[in-house]
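Next comes the sequence, and after it the predicted model I'd like to discuss.
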Amino acid sequence: MASLVPCPNCGRRPKEEFTIKGAALSRPAPGADAADWFNYVYLRDNPRGTYEEYWHHTSGCRRWLVLTRHTLTHEVAACRDAADGSQLEGGA
Amino acid sequence: MSSYRLPKRGLVDHNAPLSFTFDDRSMQGLEGDTLASALLANGQMLVGRSFKYHRPRGILTAGAAEPNALVTVGRRGRTEPNTRATVQELYEGLEAQSQNRWPSLNFDVGALNGLMSPFLGAGFYYKTFMWPAPLWEKLYEPFIRRAAGLGKASYEADPDAYEKSWAHCDLLVIGGGPTGLAAALTAGRAGARVILVDEGSLPGGSLLFDTATIDGRAAADFARDTSAELQSMANVRVMTRTTAFGWYDGNVFGAVERVQKHVRDPASHLPVERLWRIVARQALLATGAEERPLVFGGNDRPGVMMASAMRTYLNRYGVAPGKATAIFTTNDSGYGLARDLEAAGVDVVAIIDSRPAAGVEYRGKARLIREAVVCGTKGRKAISAIEVHRDGRTETIAVDALAMAGGFSPIVHLACHRGGKPIWSAEKAAFLAPEGLKGLGLAGAAAATTELAACLGEGAAQAKAIVKELGLSCPPVALPKVEGDEGIDSSKPLWSIPGVKGKAFVDFQNDVHLKDIGLAVREGYSHVELAKRYTTSGMATDQGKLSNVNAIGLIAKARGVSPAEVGTTTFRPFYTPVSFGALTGPHTGHHFQPVRKSPLHDWAKKHGAVFVETGLWYRSSWFPRSGERTWRESVDREVLNVRKNAGLCDVSMLGKIEISGSDAAEFLNRVYCNAFLKLAVGKARYGLMLREDGMIYDDGTTSRLEENRFFMTTTTAYAAGVMNHLEFCAQALWPELDVRLASITDQWAQMAIAGPKARIILQKIVDEDISDAAFPFLAAKEVSLFGGALHGYLFRISFSGELAYELAVPAGYGESVADALMEAGTAHGVMPYGLETLGVLRIEKGHVTHNEINGTVVPADLGFGKMVSATKPDFIGKAMLQREGLAAPDRPQLVGVVPLDPRQSFRTGSHILAKGAAATLENDEGYVTSSAYSPHIGSTIALALVKHGPSRHGEEVVVWSGLHGESTAARLCNPVFFDPQNERLHV
């Protein structure tokens, strides 16, 4: 029905403006092991708790965001621009 | 007016009569009535038939929880079935029909179901209709649907408008009773932005029927004055006729405002309903409490009513429930009703109190029977007597109305919408809201506070705390003085009643009675969630507002545990039913989704284009001419003409993205699997974009217009997806690259001009030399048009395999440029062509689209293996493309297919089998991805993905479609059917 996402550029906006990509993971280095690539492309945790996800503010500023969401309560603990350089889970 | 209306009483306007009809009978009500109060005033006790047993039913409540008095209001497109008569405001000319009866409300054949009741108990669906299964669809379900029913929806379109809106506030107060009014007033006076929503037409809640005085004023006057003060404040918004129906993430509340459901002819400039999403920093639930029915035999007979409802009809609407009333109570609230009835001149025959002593003193005339219960009722279509059980003896007392006061359950629905479960309080004998809620508090009767003064105080105190948290200062609020409030003690609930005679209903709407609950427990369905589904208790449109707590109490008693142990079922939105109209809002018909029209749409239209919807786009499909009887005739003509003369095609809907920045070339080099770093300025290149798993994602041409500026085209379907993907790459993967992306799809009109005469025609409007020497294949440059009047981009690229160009001009000039090209080409036989012809031309050339790029193919599968750069250190998909399986020799790969007999044909999607092989999954060798009739080949031609395809050219196979029972002998071949040496391209 409704819920709001705190976009660092646009403020709190309805979730319908966003597109969710899924887990925010670090892309392996080009020469990384096949196993690392396999993990990156296919394997996902399914935690009960906080989860970092890529959200795209498609109908807003068009920036990709990293959103820390609680999978049980949907509470958003943090939301930053994906380009701001913070380390992602699984990052080298 | 009838004798049930009490003169000069209530908040109705006795000088403003309203006419309405019920089952086509004319009746009179008053301004301020609900349909229910007007029916009662007319002595209409029988209002509907029950769901399963077709028992006569009357009006049980005076509010949103009503399970019985469901009627159909309005006619034709405005028909609204299952309207609760208790919340429908009366208006002049209202037309209401009773439901679930045939042939009439008074004589209903379905009532025979009552005789079959031994077979219709809990779980009867499961037991009766298990066998034989095939009869379910043909016999059982249609029968049940006809017999057990609610109102019928209209098939006519709703003529009214609906709207959606957002609102924001510091404090949302849900419920405009004493608690809510006190809270809104406190926060409003402190300057907070307050929204007060109330489902009724007047704020006030219980104050509208309470006989207490507040600061010397009647309670209803206090409500009116407070509401007037609130409405005068600029920072406060009072929304009546508005039900907050759900609590969602981010402290957003859903609410529906019935803007014009109380008028006969809705004004066309206003919606009839408005769906609100209210964003609240804090919210206060002041929704009050629901009175519980008592589960005795015949508790559903018309004339039996909730005590608080009876008091509402008496005091707010000036309607007497009957002439000889009895009250069955388990707590002190029944005595307030007795006093009010007697004050209004209505005889109270008896008060039956289940307790040995009451908490209040009663001085009225009614006979007081303590330590007694009502165990049964008598009467046919209305109650005529009650059976009182005391000390093992039963006494019959003649009455024409009975009130039941079973205690109160706080209305905590919204507090449980985000996953919390209500908690049983033994002290309050009630389920209370979950603990630790954020952004939402409860006060007043919703928090099991019963006294009026305490409710007012609690509302004010909570609002004060919220206001302080918001950083506002709160002026001191003097609490009003309350007199004449008798309060309601928290009596022990009386779950089961001894000596019950006949059916004692727990869930009135779904006809679930006491024995059903017992049966469910005995048969092992004692878990509350199982009992609910086995008995269907709480599953009707009222979602068990009256019945759930009783059902839980009865299950607890049967299991010998506390209600805390039984727990509740899950509360979900919506609190009360919300119309599809409100949820849909304005997005109906033409407004259901946007329409995308190309800048060349009108050009195509005036040439007679037949349009096809592809996503949101309207694309010109073919251009029929007079004398052509089938689409194929038009398409064949267009195809032949392109290869003979020239054709003009609208390709504006291809995605167009401008990519700029000092790292733009490096960026493209990473998003395409082929090399882009060294693409020369002024050149276009075909690019393949992979997904990270190595499969092809999209294709298109990208041109280097300047050193650091590129013009990318994508397929129509993936235009938005590619843009999102590129933004992801630029922002999330490689933010260090200097690259900027802009979608320019809508800014440019783009047209393909293809065919041997394309250059001669185009040269007439292009100022620069576009000869093969000056503008060779894959040239891409900005050009001047019409002697410098306009500039555009010209690309020498070809999807048709002919000498071809694509010209992009600013969108607004598209139509006039296309007109100029058509004029320039008249002497050379130019014709418009559409999407179908585009498809035939590209299949003839073996060019792929998303039919082939279907998410399962890697570049080598389509013959693009050599395009993939072996030297680039990185690109999207590079790592996963190395996987062994993706280079397996038996992967389905691109091949052409033609029928052996040119008169035969086959369809896209058909499977390829080796000659003579049985049609089994193991023998499946691939499938047809695209097919068309080629007028050049003179037969159907197709592209297919077939195992070992490229090495099997010439082999005879079978094209098989099990879906259509078709089997066609065919031959695999080179996927390029026409001009395999590309001689027509380089001229």
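Right, received. Where do you want to start?

Tell me, how many residues neighbour residue B:3?
Counted with other Cβ atoms under 10 Å in any protein chain shown, residues neighbouring residue B:3 total 9. Just so you know, the C-beta spots here come from the backbone N, C-alpha and C atoms, and that holds for glycine as well.

Also residue A:35?
Residues near residue A:35, counting by other Cβ under 10 Å, number 10.

Whether whatever helix or strand it lives in contacts chain B - can you check?
According to DSSP states H and E, residue A:35 maps onto helix A:34-42. Yes: Helix A:34-42 lies within reach of chain B by Cβ under 8 Å from any Cβ of the partner chain, at A:34, A:37, A:40-42.

need the next SSE after that helix, C-terminal direction.
Defined by DSSP H and E, the subsequent element after helix A:34-42 is strand A:50-56.

Show me the shaky parts of the chain.
No chain specified, so I'll use chain A. Low-confidence segments of chain A, defined by pLDDT under 70: A:1-2, A:85-92.

nope, chain B
B:1-2, B:112-119, B:124-149, B:487-490.

For it, what lies in contact range of chain A?
Counting by Cβ under 8 Å from any Cβ, the residues of chain B near chain A are B:166, B:246, B:248-250, B:252, B:254, B:277, B:279, B:418-419, B:573, B:692-693, B:724, B:727-728, B:731-733, B:735, B:873-874, B:878-880, B:882-883.

Turn the residues of helix A:34-42 next to chain B into JSON lines, columns for distance to residue B:554.
Listed next are the residues of helix A:34-42 next to chain B as JSON lines, based on distance: Cβ to Cβ, whole Å:
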{"residue": "A:34", "distance to residue B:554": "62"}
{"residue": "A:37", "distance to residue B:554": "59"}
{"residue": "A:40", "distance to residue B:554": "55"}
{"residue": "A:41", "distance to residue B:554": "55"}
{"residue": "A:42", "distance to residue B:554": "51"}
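
Most neighbours out of these, which is it?
Tallying neighbours with other Cβ under 10 Å puts residue A:37 at the head of the residues of helix A:34-42 next to chain B, with 22 neighbours.

three-state assignment of the spatially closest residue to that residue that is not a sequence neighbour?
Leaving out its chain neighbours, the residue that sits closest to residue A:37 by Cβ to Cβ, 6 or more residues apart in numbering or on different chains is residue B:879, at 4.4 Å. Here residue B:879 is recorded as helix under DSSP: H, G, I helix; E, B strand; the rest coil.

now for the one helix or strand residue B:705 maps to, which elements pack on it?
According to DSSP H and E, residue B:705 maps onto strand B:696-706. Secondary-structure packing of strand B:696-706 (3 or more Cβ pairs under 8 Å, 6 or more residues apart in numbering or on different chains; DSSP states H and E): strand B:684-690, strand B:709-714, helix B:719-728, strand B:780-785, strand B:790-795.

neighbouring strands for it, and are they parallel or not?
Taking DSSP bridges as the criterion, strand B:696-706 pairs within the sheet with strand B:684-690 (antiparallel), strand B:709-714 (antiparallel).

out of those, deepest packed?
Per residue and on average, the most neighbours among the strands paired with strand B:696-706 fall to strand B:709-714, with a mean of 23 (mean count of other Cβ atoms under 10 Å in any protein chain shown).

got the contact list for that one?
For strand B:709-714, contacts defined as Cβ atoms under 8 Å, 6 or more residues apart in numbering or on different chains pick out B:654-660, B:664-665, B:668, B:687, B:698, B:700-705, B:722-723, B:780, B:793, B:808.

repeat that with 6 Å
B:654-657, B:659-660, B:664, B:698, B:700-705, B:722 (Cβ atoms under 6 Å, 6 or more residues apart in numbering or on different chains).

how about the nearest residue to the spatially most central residue of chain B, chain neighbours excluded?
For chain B, residue B:583 is the residue whose C-alpha lies nearest the centre (Cα atoms, centre = their mean; 5.9 Å). Nearest non-adjacent residue to residue B:583, counting by Cβ to Cβ, 6+ apart: residue B:275, 6.4 Å away.
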